[in-house]
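Undergrad: The sequence and its predicted three-dimensional model are supplied below.
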Amino acid sequence: MDLYQYDNAVVLECRGAVVGVDEAGRGPLAGPVVAAAVQLDLDGLIDGIDDSKKLSARRREALYGEITSRAVCWSIGVATPEEIDRYNILQATLLAMGRALDTLQSNWDVALIDGNQPVFSVPAVRQRCVVDGDARSASIAAASIVAKVTRDRMMGEYHCRFPQYDFARHKGYATAAHRRLIVQHGLCPIHRRSFCERLAAQTALALETPSLKETAS
């Protein structure tokens, strides 16, 4: 069954419109977690939609343009680094997903949520968790692309504000280069302090003193 067949099967089952929801940025040491909600026109197939992790950056950008111009509707929800530290990454991710659905300007019936955790702000009868959903559902795969491209662009903007961390290259993930830059410069306002402190406690390679002193850049 291809990705569009999955979505069409859900439409037939629920007798209503479906929207896919996915996120980008659960793992990095810096930056927000970004969720996207996408309602595709299931009669107008977009060739090449797939899990964003399987696509090159250039292909994701091209598909982002097609999805955002041809989808019935799409929206973005964001949870900040401060919210990630306050609530934990799972709750912040679900918060971002709920925000994406809240701002979707469409009459949808069932949200297909990537993963095994329901969005707490959405009634149970209006959502379905789909494990590995970005490899099973066209709508979730489209949302994964929109979320990934949006977050990468945001990290490019943060690079302009904090060029010493090279966010445009590693997007906030815990690469060796990023960890060395944190050791050198300390934390900036978009670093997830809880993530950085946890990593510092687990490995001698990352985040040694004075890395946990927040810097104003």
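TA: Looks like it came in fine.

Undergrad: Could I get the contacting residues of the residue nearest to the spatial centre of the chain?
TA: Against the mean C-alpha coordinate of the chain, by CA atoms, centre = their mean, the closest residue is Ala24 at 1.9 Å. By CB atoms under 8 Å, 6 or more residues apart in numbering, the contact set of Ala24 is 33-36, 52, 144, 147-148, 150-152. Heads up, the C-betas are built off the backbone N, CA and C, glycines and all.

Undergrad: so what's it bridging to?
TA: Val34 (DSSP bridges).

Undergrad: Report pLDDT for it.
TA: On pLDDT, Ala24 comes in at 98.

Undergrad: Check the one 3 residues further on too.
TA: At Gly27, the predicted lDDT confidence score is 96.

Undergrad: Next one: it relative to Asp114, how far apart?
TA: 15 Å (CB to CB, to the nearest Å).

Undergrad: So between the two, which is more surrounded?
TA: Asp114 (28 against 11; other CB atoms under 10 Å).

Undergrad: my guess is that one contacts Ser144, does it?
TA: Yes. Counting by CB atoms under 8 Å, Asp114 touches Ser144, with 7.0 Å between them.

Undergrad: Any chance you could list residues touching both of the two?
TA: 22, 134.

Undergrad: check contacts around the closest residue to Arg15 other than its chain neighbours.
TA: Leaving aside its chain neighbours, Arg15 sits nearest to Asp109 (7.8 Å; criterion: CB to CB, 6 or more residues apart in numbering). For Asp109, the contact set (CB under 8 Å, 6+ apart) comprises 14-18, 126.

Undergrad: how deep is the spatially closest residue to Pro81 that is not a sequence neighbour tucked in, by neighbour count?
TA: In space, Pro81 comes closest to Arg192 once its chain neighbours are excluded; the distance is 4.9 Å by CB to CB, 6+ apart. Other residues within reach of Arg192, judged by other CB under 10 Å, total 26.

Undergrad: count of neighbours near Val72?
TA: Neighbour tally, Val72, other CB under 10 Å: 17.

Undergrad: Need the phi and psi values for it.
TA: Dihedral pair for Val72: phi -60, psi -40, per degrees, to the nearest 10.

Undergrad: Just list the residues touching it, thanks.
TA: Residues near Val72 by CB under 8 Å, 6+ apart: 17, 39-41, 106.

Undergrad: and the gap between the residue nearest to the centre of the chain and Met154?
TA: From Ala24 across to Met154, the span is 10 Å (CB to CB).

Undergrad: between these two, what contacts are shared?
TA: Listed contacts common to Ala24 and Met154 are Val34; contacts here mean CB under 8 Å, 6+ apart.

Undergrad: Any buried residues in the lengthiest helix in the chain, and which?
TA: Longest helix of the chain, by residue count under DSSP state H: helix 138-161. Under the neighbour-count criterion of 16 or more other CB atoms under 10 Å, helix 138-161 has 138-152, 154-155, 158-159 buried.

Undergrad: Repeat that for stretch 121-133.
TA: Applying 16+ other CB under 10 Å to stretch 121-133 flags 122, 126-128, 130, 133 as buried.

Undergrad: Just the mean pLDDT for it, thanks.
TA: 96.
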